[in-house]
Each structure stands twice: as C-alpha cells, then as structure tokens.
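**Q** Fold the following.
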Amino acid sequence: MKTIYQALAEIEATNQIAALATIVRSKGSTPRHGTSKMLVYTDGKIIGTVGGGGLERRVHEEALKSMKDGEARYLSYNMNDPAKGDPGICGGTVEIFVEPILPKPTLLLIGAGHVGKAVAHLAKWLDFRVVIAEDRVEFCTPEHIPGGDEYLPVEMDEIAKNIQINAQTYIVMATRGADVDAVALPDLLESDAAYIGIIGSKRRWLAAASLLEERGIPEEKYVHVHSPIGLEIQAETPEEIAISILAEVLMIRNGGTGEQMKI
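**A** Down below sits the predicted model:
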C-alpha cells in the first residue's frame, strides 16, 4: 500500500483535491498521538488514521468540508464523556489540523477561436493550468492556439469524460453558437466546476437555455451559469474580452466584488 507521502505526490501530479489531517498535539490517553495523519480523498476514501471511531468520523466530515470551501481547520476534542458530545471516553485531549490539498486552478477553455486564443494566453500568464477542448480537430493544436497544458480534440458531449473537473476548475465556453453550448453543457452542469461562463449576448444565452429546457435539463441546473460572460468594461477586441472574462473568473475565485476600489 502506498504511503501518505507517496499519495500526496500522486495527488499533486494528477491535479486532484484532497485533505490532510494531522494530530498536532495530544495530552493524556488518546487513540493516536502527535504527527499521526489521515489523508482524505474527495470520494471519502482514506489513507492513514487519526484514531478511528467517533473522533475519526468527525475529522473525516471536516476534511470533506475543507475540500469544498478551501479553508483549513484547527480542531480540538476532549475524550471524556460521549454523553456531553465528546467523541470518546479515553480521557485525554487531542488537537488536529486539517488542511485542504488544492491543485493549481484549471481553466477549461471550450472553443479555440480568436477570443479563445486570447483567453488561453492570459490564463497561462495568470498561472492557470490551461486545458483546451474543441470538436474541430484542426483548431485544437499547439500550433493554432499555443500555451495549452492539455488539448482535448473531442465531441462537445465527450468533454467531461476526458478531464477531471473539480472545485478548482473554471470553465470558459467561447464556442461558435448556442447549439454547440447546449450539447456541451448537460454533462458540465453535473460537475463540481467552480465557474461556468458562456460567451455571447443575452439573446444567445436565452437560445441555449431554451435548448437545454427542450432536452429536459431543469432550470436549477443552469441558473448559476455566467452569461453573458465577463465584467462590463466595454470590451471589443479579443484581448479586451479576455481581460473581461478572466477578471470575472478571478473575482469569483478570490471572493471579490468587481467594484471600483476608488474611495
């Protein structure tokens, strides 16, 4: 069986999300002591242990939460009286640090036209991992759109099957039309992507939403899609539009407001 450290290296190499729980301090009688570790995957599987039983169940729950909100946790438990809510009766105390293991954010760009090229270039400069998906094979190459970390020349309804989409994935759809968007979206909407934005006018988005409705996709599935995409800066050129789009992505990622900072 792989060690926790081997698993961490594999998680980093494959851009996965996980959480690491480490006992940083223990006093008295406890199931496990200082530096004991448990690695938790997004599907709930674990490597290692911090003590089993009720204690481990609670830590496991907090680890899953940390992967969703990206926040570390410092947990402290008494192990005295389960009747008072304690997770055990050993008699000691234990303190556990839970840290989310988050990969570099991925920008999944769907569509490799003029705007797509500019978005890929800017996203790479902003240190995103850039994955480019296109159903037109000749457009999904490093020669046509440089800077990608991965290229997916696949049909629009096959994208989600060819990339691991998680809470660190930001999807920018710069395709050639609402009909294409409606083919790609159903599977993408079932993913854990942090953001899905679609280029085009309000009218185009209404057309795509209508096609989704015809295909039986309930509105609650796509109500959080950002379309028209980007922040309003009166952008016109592909480069200006890319700035507008990535500004919105960063706003969502960093919890910003998009307002001017002028006092």
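
**Q** which residues sit in contact with Gly148?
**A** By Cβ atoms under 8 Å, 6 or more residues apart in numbering, Gly148 lies in contact with 109, 120, 130-132, 142. C-betas here are computed from N, CA, C, even on glycine.

**Q** how distant is the helix or strand where Gln6 lies from the center of its chain?
**A** Per DSSP states H and E: Gln6 is located in helix 4-13. Taking the mean of its C-alpha atoms, helix 4-13 sits 18 Å from the chain's own mean (Cα atoms, centre = their mean, to the nearest Å).

**Q** likewise stretch 179-197?
**A** 14 Å.

**Q** Can you give me the buried ones in that stretch?
**A** 180-186, 188-189, 191, 193-197 (16 or more other Cβ atoms under 10 Å).

**Q** what element comes up after the helix or strand hosting Ala207 heading to the C-terminus?
**A** Under the criterion of DSSP H and E, Ala207 resides in helix 202-214. Using DSSP H and E, the helix or strand that follows helix 202-214 in sequence is helix 219-222.

**Q** Now that following helix: average pLDDT?
**A** Per-residue pLDDT values across helix 219-222 average out to 91.

**Q** Mind listing what's buried along that helix?
**A** Judged by neighbour count (16+ other Cβ under 10 Å), helix 219-222 contains these buried residues: Tyr222.

**Q** I'd like the next helix or strand past it.
**A** Following helix 219-222 in sequence order, the next helix or strand is helix 238-254 (DSSP H and E).

**Q** what's that following helix packed up against?
**A** Where contact means 3 or more Cβ pairs under 8 Å, 6 or more residues apart in numbering; DSSP states H and E, helix 238-254 is packed against helix 114-125, strand 169-173, strand 195-198.

**Q** Return the list of helices and strands in contact with the helix or strand hosting Lys68.
**A** Using DSSP H and E, Lys68 falls within helix 53-69. Packing partners of helix 53-69 (3+ Cβ pairs under 8 Å, 6+ apart): strand 18-27, strand 37-41, strand 73-78, strand 93-101.

**Q** residue ranges with poor pLDDT in this structure?
**A** 28-32, 79-91 (pLDDT under 70).

**Q** Got the domain ranges for it?
**A** By the assignment in automatic domain parsing, the chain contains the domains 4-101, 106-254.

**Q** end-to-end on the first one?
**A** End-to-end distance of domain 4-101: 13 Å, with Cα to Cα, to the nearest Å as the criterion.

**Q** Identify each buried residue in the helix holding Lys68, please.
**A** Quick answer for helix 53-69 (16+ other Cβ under 10 Å): 54-56, 59-60, 62-64, 66-67.

**Q** surely Thr35 meets Leu20?
**A** No. With contact taken as Cβ atoms under 8 Å, Thr35 and Leu20 are classed as non-touching, separated by 11.7 Å.

**Q** Before I go, just wanted to say thanks for your time.
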